[in-house]
Every structure is written in C-alpha cells, then in structure tokens.
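S.K.: Predicted coordinates and the sequence they were generated for:
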Amino acid sequence: MVKHIVFGASSFLVVVQLALFVYNFETAEWKTYQSAYYQKLAQVTGDPEIAKTSLNVTQIWDKTLDRADRCTTCHAGVNNPAFEDEAQPYKTHPHFKNDGFISKHPFEKFGCTICHEGNGRAVTVSKTHGVVKHLDRQLLSGPYVQAACTKCHYELFSRDVYWPEADVLMKGKQLAYELGCGACHAIRQFGTTPTVAPEISNLGSKTELAFSLVHDYSHIESEDHVTRVWEWEHFKDPIKIVPGNPDALDPKDRTPPTIMPNWDLTDDEATALTVFVLSLRDPQVENIPRAFLPKVPSHEGFLQYR
C-alpha cells in the first residue's frame, strides 16, 4: 500500500513538473518580444502572414569562437535598417544603417558577446541586462562597449590613431597619455614597464571574480560591485576607495593609502579612463582568431600594441 502511495505521489509530482515546464515555455518572456517584432515587421512589409511566424529561440554559434549567442531572440531587428527608430529590443544596431561600421561586423560571424560580453546564452532580461551576479564578465553597453574594440583592433592604442567611432575610448587613451599613467603602471600597449604601481596591461581580460579577490569594494558607494564601477569611483576619488589601513592594531595588517593622484576628473573623463583600462586586454586570454583581425595587408605595424 505504501509503495502505491509513494508511486502515485511521485507520478503526480512528475506531471506537475512537466506542466510547469510547458507553462514556463509557453509564457516565456522572449516570446512576447519576438512576437511583437514579427507584428511590427508585418506592418513594415505590408505582409500580415509574417505576424504568424513561429516563435523560436534563435542562436548564433561559431565554432571558431566556441561561443553561443541568443541575443537576437529578443533583439530581432538588430540588422534590419527599417527598425532604426524603434525602441529596444527591436531597434536596429547603432551604426549599422547606410554601411555604418557595425555593418562590417556581420552578426552571423561575430555574434554579440564578442563585443558586449555578458551572458549570451540567457534569454531573460534579468539574466542578460544590468548587473548579473556570478558572471565572469558583465554586460558592456553604452560607451563601455568600446572597451572591446581592442580585442581585434590593436592599433587603437597607437597615439597616432583616432577612431571617431570609438570616441570615448580615444578620449581615455589621450588622457592616459597626458596624465602619464604609464609612468607608474606597466602598460604593455604603451611600451611602459615601471613597477611603482600594479601592471594593468591585461585588466580588461580579468574575470569579475579575479578582480574582486584583489580589490576592496567596502568604500564603493554604488551597490553594483563590478570592475567598471570600482574603476570609475577610483578614478573620481582614489584615496576614498583605497584609503589603506595604516592604523591597524596588528602591524602585519597595516597598509598605506594609495599613491594614485586625484586628478579632479569630470564624470565624462572618469568614464573615458574606465573604458580605456577595460580595453587593456591579454590576447592569449581573449583568444580571438586571426581571421577576425582587421583585413589589412600586414599586421606587423601594430602587433606591438598587443
């Protein structure tokens, strides 16, 4: 009798779990966005049949990168010029229309997270946008996505190169030169090797965990304890973020405050420098295939900036 009860209860739970699975799938968040996109597309094209398109998770997977991106499940209009004036997530990617520079980076080849990082496999807003706990790398959006350009375009570190498409990164690079960051920090891309302060040549390639293990977030005002926030607040007020602990009871715990100068940076300047330090990458960690590098006759002129 007991076995029959256990079997019956177990069977009921299995049915409930299956029902929940079906319910969650049928009411999935991404279906709402994708359905709305097809309805909008039907209006744009004048073809009502498009609104009846079956809904599916779409995925860009390139075995060369060994990376799966499902972002276009919701951002379905990313490569459709007709959606330039739409709101997100239907909007055309900036700088795509009229042969903009993004059109030179086909999504079916590069995907999304090669530039935006974050979690390309998730299909909910909560797991893809904003700060998502336990991600190796947080989503880069707005000006911060410019920090990913240097994964392939090493020449952007050259003082003689200026890209208006990456204006915030260019401003950060110029500030780094003007403020003499390479006088204290080893910055391989600038050819500097001092040891007064920590090397930052590969800062942008560190995971959130690796960064947090050696950086104290206790003096950060923002609740978002992620690398870009720590760097931004540190640029604004270094001594506040790294005050040290010179008066610790145990001499072994005493640490001096940072020697980083306070440059009285504006918010825009702090953002630019944050984008710059996040652009400092380790090519071996990023492991970008050579086929993804810019199509130029020779790379020898800028490989020194890796």
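M.R.: Yes, it's here.

S.K.: Residue ranges in the stretch 1-150 of the chain under the pLDDT threshold?
M.R.: 4, 6-9, 12, 16, 18-26 (pLDDT under 70).

S.K.: which residues in it form strands?
M.R.: 60-62, 67-69 (DSSP state E, counting those that start in this stretch).

S.K.: All the helices of the stretch 1-150 of the chain, residue numbers only.
M.R.: 2-26, 29-45, 107-110, 113-116, 125-128 (DSSP state H, counting those that start in this stretch).

S.K.: got a list of contacts for the fourth one?
M.R.: Outside helix 113-116, the residues that touch it by C-beta atoms under 8 Å, 6 or more residues apart in numbering are 65, 67, 69, 71, 105, 119-120, 139-141, 145, 148-149, 151, 288, 292. (Glycine included, C-beta is placed from N, CA and C.)

S.K.: List buried residues within those residues.
M.R.: 65, 67, 69, 71, 105, 119-120, 139-140, 145, 148-149, 151 (16 or more other C-beta atoms under 10 Å).

S.K.: How is this protein divided into domains?
M.R.: 26-129, 149-306 (automatic domain parsing).

S.K.: now those as JSON lines including distance to Leu135?
M.R.: Output for the domains of the chain, formatted as JSON lines (distance: least, C-beta to C-beta, whole Å):
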{"stretch": "domain 26-129", "distance to Leu135": "6"}
{"stretch": "domain 149-306", "distance to Leu135": "6"}
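
S.K.: Now for the residue nearest to Ile220 when sequence neighbours are not counted, how many residues are close by?
M.R.: Excluding the flanking residues, the one nearest Ile220 by C-beta to C-beta, 6 or more residues apart in numbering is Glu233, at 5.6 Å. The local packing of Glu233 (other C-beta atoms under 10 Å) involves 19 other residues.

S.K.: Pick the one among the contacts of helix 113-116 closest to Arg228.
M.R.: Leu140 (8.1 Å; C-beta to C-beta).

S.K.: Next one: Thr45 relative to Asp85, how far apart?
M.R.: 16 Å (C-beta to C-beta, to the nearest Å).

S.K.: So these two - more neighbours on which side?
M.R.: Using other C-beta under 10 Å, the more surrounded residue of Thr45 and Asp85 is Thr45, with 11 against 8.

S.K.: Please name the residues that touch the more buried one.
M.R.: Contacts of Thr45 (C-beta under 8 Å, 6+ apart): none.

S.K.: Make 501 the first number, not 1, from now on.
M.R.: With the count now opening at 501, the last piece we talked about shows up as Thr545.

S.K.: Any idea how far apart the tips of stretch 628-638 sit?
M.R.: 9 Å (C-alpha to C-alpha, to the nearest Å).
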